[in-house]
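*Asks:* Output the structure for:
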Amino acid sequence: MPVLALVLNGFVWGISWWPFRQLQAAGLHPLLATALVYVLSVIVLLAVRPGAWRALFAQPVVWVLAAAAGMTNVGFNWAVTVGDVVRVVLLFYLMPAWTVLLAWLLLGEKPTPISLFRMLLAMAGVAVVLKTPGTPWPVPETLADWLALAGGFSFALNNIMLRKLQRVPAESRVLAMFVGGALLAGAAAAVGLHQGFVTAPEAIRSSWWLGLALSLGFLASNVALQYGASRLNAHTTALIMLSEVVFASLSSVALGAAELTQQVVVGGLLILAAAAWSAWPDRQPRPERA
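*Replies:* Now for the predicted structure:
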């Protein structure tokens, strides 16, 4: 069941680019759409589990999870709306490399030489994806590139925190992720409105019902994520979550929102190979850590 839960989460995230682009076409910036989606999600969750809020104040470390989830949503949702979907998802899935570092710092899981080599393999894939003929170095060139990388780092931290907070009630962990999504997206949208790169919608449109559909979808996917990630180790979670790449690639290429160039394919294969390889250590038993 934890595996199926993570696949469900990957499916929802993999196709989420489409409703976000539809909402943007209807005049709702992805930051505003993300804030709306998670405000609705918080309301729904508190209606079903009114006591879920207690852990947010009883255990301040839960706010680290909230911040990680919020930055994940700001980065990913904005990036897939304005960038090439496949490129964004591949950069986002540098996540296993971040996981190696964060698991060492936060969980005490010291990286092995093999895990460090996998991290270098993933970095090489990112370099191939980012390198363009007009630039001497493979560095992020667009807003979407930076957002995808930041979102991937935050998602790795999100998954590490889910493991660290296993004793926190499930509904409280989900609420923390929803609150983080609402607060960080709302704050970023407020800054954007002030600076002028986010435009306030002129009127509510009928197509905004997609926001409610996204809320329900993210509610289900985040419940699935916290269920699966809290029962599997960080490396296995990173592997299974690669299903998102498949769902995002197939849907975006089919609908003309991405282009599979040779460079993206080669770099993507390196990134995916590194992520898939991250499952190998899980076959060897290792002691539990507090």
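*Asks:* Per-residue pLDDT of Gln195, please?
*Replies:* Each residue has a pLDDT score; the one for Gln195 is 93.
*Asks:* Repeat that for Ala238.
*Replies:* Value for Ala238, per-residue pLDDT: 67.
*Asks:* Could you do Ser206 as well?
*Replies:* 66.
*Asks:* same thing with Gly181?
*Replies:* pLDDT, Gly181: 94.
*Asks:* Likewise for Pro136?
*Replies:* The model's pLDDT for Pro136 equals 69.
*Asks:* ditto for the one 3 residues further on
*Replies:* Val139 is assigned 77 on the pLDDT scale.
*Asks:* How many residues are close by it?
*Replies:* 12 (other C-beta atoms under 10 Å). C-beta coordinates here come from the backbone N, C-alpha and C atoms, glycine included.
*Asks:* was I right about it contacting Leu130?
*Replies:* Yes: with contacts counted by C-beta atoms under 8 Å, Val139 reaches Leu130, the gap being 6.3 Å.
*Asks:* any shared contact partners between those two?
*Replies:* Residues touching both Val139 and Leu130 (C-beta atoms under 8 Å, 6 or more residues apart in numbering): there are none.
*Asks:* and Gly152, how far is that from His194?
*Replies:* Counting by C-beta to C-beta, to the nearest Å, the separation of Gly152 from His194 is 27 Å.
*Asks:* which of the two has more neighbours?
*Replies:* Shown here are Gly152 and His194; by other C-beta under 10 Å, Gly152 has more neighbours (27 against 9).
*Asks:* now that one: how far from Ala275?
*Replies:* From Gly152 to Ala275 the distance is 11 Å (C-beta to C-beta).
*Asks:* Now the common contact residues for the two.
*Replies:* Contacts common to Gly152 and Ala275, judged by C-beta under 8 Å, 6+ apart, are Tyr93, Met95.
*Asks:* Extract the residue ranges of this protein that are flagged as low pLDDT.
*Replies:* Within the chain, the segments meeting pLDDT under 70 span 136, 203-204, 206-207, 234-235, 238, 278-290.
*Asks:* Please repeat the previous calculation with a cut-off of 80.
*Replies:* 95-96, 131-139, 202-211, 222, 225-226, 229-230, 233-239, 241-242, 275-290 (pLDDT under 80).
*Asks:* Helices of that one, start to end?
*Replies:* 2-15, 17-25, 30-48, 54-58, 62-82, 85-92, 95-107, 113-130, 143-164, 170-195, 209-229, 234-240, 243-254, 262-277 (DSSP state H).
*Asks:* So for Glu202, which of these sits nearest?
*Replies:* helix 30-48 (12.4 Å; C-beta to C-beta).
*Asks:* ok so, going back, include distance to Glu202 when you put the helices of the chain into CSV, please.
*Replies:* Shown next, in CSV, are these (distance: least, C-beta to C-beta, whole Å):
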stretch, distance to Glu202
helix 2-15, 28
helix 17-25, 14
helix 30-48, 12
helix 54-58, 35
helix 62-82, 19
helix 85-92, 27
helix 95-107, 37
helix 113-130, 37
helix 143-164, 24
helix 170-195, 13
helix 209-229, 16
helix 234-240, 42
helix 243-254, 29
helix 262-277, 37
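*Asks:* most tightly surrounded among the ones you listed?
*Replies:* Most buried of those by mean neighbour count (mean count of other C-beta atoms under 10 Å) is helix 85-92; its value is a mean of 27.
*Asks:* ok, residues contacting stretch 13-30?
*Replies:* By C-beta under 8 Å, 6+ apart, stretch 13-30 touches 33-34, 36, 76-78, 80-82, 85, 89, 189, 192, 198-199, 201-203, 205, 207-208, 210-211, 213-214, 217-218, 221, 243-248, 251-252, 255, 257.
*Asks:* How about stretch 197-210?
*Replies:* 19, 22-23, 25-29, 31-32, 36, 189, 192-193.
*Asks:* could you redo the last one with a cut-off of 10 Å?
*Replies:* 18-20, 22-23, 25-33, 36-37, 143, 188-193, 217 (C-beta atoms under 10 Å, 6 or more residues apart in numbering).
*Asks:* send the alpha carbons of that stretch over as CSV?
*Replies:* The C-alpha trace of stretch 197-210 is given here as CSV (Å, rounded to 0.1, in the frame of the first residue of the first chain):
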residue,chain,number,x,y,z
PHE,A,197,4.9,40.4,-11.8
VAL,A,198,1.6,39.0,-10.5
THR,A,199,-1.6,40.5,-11.9
ALA,A,200,-4.8,40.5,-9.8
PRO,A,201,-7.7,38.7,-11.5
GLU,A,202,-10.4,41.0,-12.7
ALA,A,203,-13.3,38.7,-12.0
ILE,A,204,-14.1,35.2,-10.9
ARG,A,205,-14.6,32.9,-13.9
SER,A,206,-16.4,29.6,-14.3
SER,A,207,-13.2,27.8,-15.1
TRP,A,208,-12.0,28.4,-11.6
TRP,A,209,-13.8,25.3,-10.5
LEU,A,210,-10.5,23.6,-11.4
